[in-house]
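# Generate coordinates for the sequence data below:
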Amino acid sequence: TVKATDDDAEAKYIYYGVNSSDSSKTYKWESVLYCIANTEQIAEFRDRVNQGQTFEGKTIKLMADITVSAWTPIGQKGSQANKFMGTFDGNGKTVTIDGIANNLDTAFGGYAAFFGATKDATIQNLTVAGTISGKDVAGIIGKGENTTLTNCHNKATITSTEGKAAGIAASFGGSLTNCTNSGAVTTSAAQPAGGLVAWCNTSTITECQNSGKVTVSGTGDSSQAGGLCGNLCSGSTVTNCSNSGEVSASLAGGVAGRASGADTKIIAFSNEGTVTGGNYAGGVIGDAKDGVTAQDCTISGTISAANVAGGIFGSVHGKNSSAITNCAVTSCNVSATDTENRAGKVVGILGGTVTLKLTGDNLTDDVGCFSAVTLTIVGRTPNNIDFTNLPTEALGSLSGFVHENAGHRKEITVKATDDDAEAKYIYYGV
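Predicted coordinates for the structure are as follows:
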């Protein structure tokens, strides 16, 4: 066993030796650290993975900047065996990809990036540049399962004509730390696109930034774009991240076009980019449903949509408890161009079960309108509404209060604190 230093916990090379007097046996060296310095070596490494060598427990270290053309990705989404499962250390180097190979094997499942598919892997200290196009495409990983990404950066232009597109990973679950995207990300399909991840399964995203333009030109409910993620799934946490890129889709947000599911948290996020939604737009989330929390976020720039726009959430709704706490919307223009009373400095349409803790001076434009909602207010009231005058069991009007659908009965409950056992006011409105 050969180690680099006395306190090196992991042996760099392991020698499986036999008695040299035994001529029937041969010596074997199995390297724990593989160093790659040219296109021939990176291609050999790629081919080994795609033929079933996972490199689990091994480290691949990039020793030089490399440029490849007509690139076939490393790892195949459609195969359980042919995925990269080791550690790839980019060593601060850049891989420039001048296009993806035509007619990729069906085992790739349409996913293309530097890595096609990873599982239980670690990718670190890597930059990807160039031009990447295909179905479900990204800079670093096509599809990553339980993968850790640290200090990875995309500068490549990413273009999809029929699927997902992202700077870092098209589909991902795991953790991203100190990762950035500065490349333009575009899909012409009605599919998610994100500066970091297009479809983000349960993940932890920390200290990451997007400055690239993210565009989904396809329309409809699945047209989702975010500075960080197109679609952000339940149980994910985003902390100390930012977006300064332009974002546009039917559902558009500084973090994600749509976020859903219990225990989805966005903490200390900042947005300076322009967010434009064909339907919904939010400085944090375009459409937040079933338990999304935004805390200590700071939003500026322009947030606009045809139908619903909010400085934090375009719309919030669903069965689990959501919250907006200590968020600031500053120097921000929020507008819904085709509808009245659907734009708010905090939320366009407020529904579901929500806790609001608003800071700063009283405003009259925090919320565009109220849907069916159980609302807990901690601190100042939205729109400077005096809820003591809220009509109950009957028609009526209240200054600053707009019902989402006049003529349709919806129940609105207002509570003073989280542990308030009795609702203070119940509005059965039409």
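
# Quick one: low-confidence residue ranges for the stretch 301-430 of the chain.
Filtered on pLDDT under 70, the stretch 301-430 of the chain yields the residue ranges 389-397, 406-410, 416-430.

# where do the strands sit along it?
For the stretch 301-430 of the chain, strands defined by DSSP state E, counting those that start in this stretch occupy the ranges 308-310, 313-317, 321-325, 328-336, 343-344, 347-357, 367-377, 410-415, 425-429.

# The shortest one - contacts with which helices or strands?
Using 3 or more Cβ pairs under 8 Å, 6 or more residues apart in numbering; DSSP states H and E as the contact criterion, the secondary-structure elements in contact with strand 343-344 are strand 308-310, strand 328-336, strand 367-377. For the C-beta atoms, the positions are set from N, CA and C on the backbone; glycine is no exception.

# The residue nearest to residue 254 when sequence neighbours are not counted bridge partners, please.
Distances taken as Cβ to Cβ, 6 or more residues apart in numbering put residue 271 closest to residue 254, at 3.4 Å, once the chain neighbours are dropped. Beta-bridge pairing for residue 271 (DSSP bridges): residue 243, residue 299.

# I'd like to know how many residues surround residue 271.
Counted with other Cβ atoms under 10 Å, the neighbours of residue 271 add up to 31.

# circling back: mind checking the strands of the stretch 301-430 of the chain for the one nearest to residue 119?
Closest approach to residue 119 among those is made by strand 321-325 (32.2 Å; Cβ to Cβ).

# What strands line up against that closest one, and which way round?
As assigned by DSSP bridges, strand 321-325 forms pairs with strand 292-295 (parallel), strand 347-357 (parallel).

# Contact partners for residue 335?
Counting by Cβ atoms under 8 Å, 6 or more residues apart in numbering, residue 335 touches 303, 304, 305, 309, 343.

# Helices of the stretch 1-150 of the chain, residue ranges please.
In the stretch 1-150 of the chain, the helices defined using DSSP state H, counting those that start in this stretch lie at 39-50.

# Any stretches of it with poor pLDDT?
1-31.

# which residue ranges form the strands in it?
13-16, 28-31, 33-36, 59-62, 66-71, 87-100, 111-112, 115-119, 122-134, 136-137, 141-154.

# closest to residue 170 out of these?
Nearest to residue 170 among the strands of the stretch 1-150 of the chain is strand 136-137 (4.3 Å), distances taken as Cβ to Cβ.

# just checking, residue 236 touches residue 202?
Yes - in this structure, residue 236 is within contact of residue 202 by Cβ atoms under 8 Å, at 5.6 Å.

# quick one on the thing from earlier: most tightly packed of the strands of the stretch 301-430 of the chain?
Of all these, strand 308-310 has the most neighbours on average by mean count of other Cβ atoms under 10 Å, namely a mean of 33.

# mind listing what that strand pairs with, with the direction of each?
In its sheet, and by DSSP bridges, strand 308-310 pairs with strand 275-282 (parallel), strand 343-344 (parallel).

# What does residue 184 show for phi and psi?
phi -70, psi 130 (degrees, to the nearest 10).

# Could you check how far the nearest residue to residue 109 once chain neighbours are set aside is from residue 305?
Once flanking residues are discounted, residue 109 sits nearest to residue 77: 3.8 Å by Cβ to Cβ, 6+ apart. For residue 77, the distance to residue 305 (Cβ to Cβ, to the nearest Å) stands at 33 Å.

# partners of the residue positioned nearest the centre of the chain in the sheet?
The residue lying closest to the centre of the chain (Cα atoms, centre = their mean) is residue 229, at 2.5 Å. Per DSSP bridges, residues listed as beta-bridge partners of residue 229: residue 197, residue 256.

# ok, it touching residue 198?
Yes - if you go by Cβ under 8 Å, residue 229 and residue 198 touch, sitting 7.3 Å apart.

# shared neighbours of the two, anything?
Common neighbours of residue 229 and residue 198 (criterion: Cβ under 8 Å, 6+ apart): residue 192.

# how about the strands of the stretch 1-150 of the chain, which one is nearest residue 349?
strand 136-137 (31.4 Å).

# Any idea how far apart the tips of stretch 321-333 sit?
28 Å (Cα to Cα, to the nearest Å).

# i'd like the first residue to be 42 from this point on
With the count now opening at 42, the last piece we talked about shows up as stretch 362-374.

# Highest mean neighbour count out of the strands paired with strand 349-351?
strand 316-323 (a mean of 30).

# So for that strand, mean pLDDT?
Average pLDDT, strand 316-323: 98.

# Residues contacting that strand, please?
Residues contacting strand 316-323 (Cβ under 8 Å, 6+ apart): 260, 262, 264, 268, 287-295, 298, 324, 327-329, 342-356, 389.

# and what of stretch 148-159?
91, 112, 114-120, 123-126, 129, 136, 138, 141, 145, 164, 167, 169, 173, 175-186, 188, 204, 210-212.

# Ok, which of the helices and strands packed on strand 384-385 comes nearest residue 234?
strand 349-351 (19.4 Å).

# chain center to the closest one: distance?
20 Å (Cα atoms, centre = their mean, to the nearest Å).

# contacting residues around stretch 74-89?
Here stretch 74-89 makes contact (Cβ under 8 Å, 6+ apart) with 53-54, 96, 99-105, 107-109, 113-115, 136.
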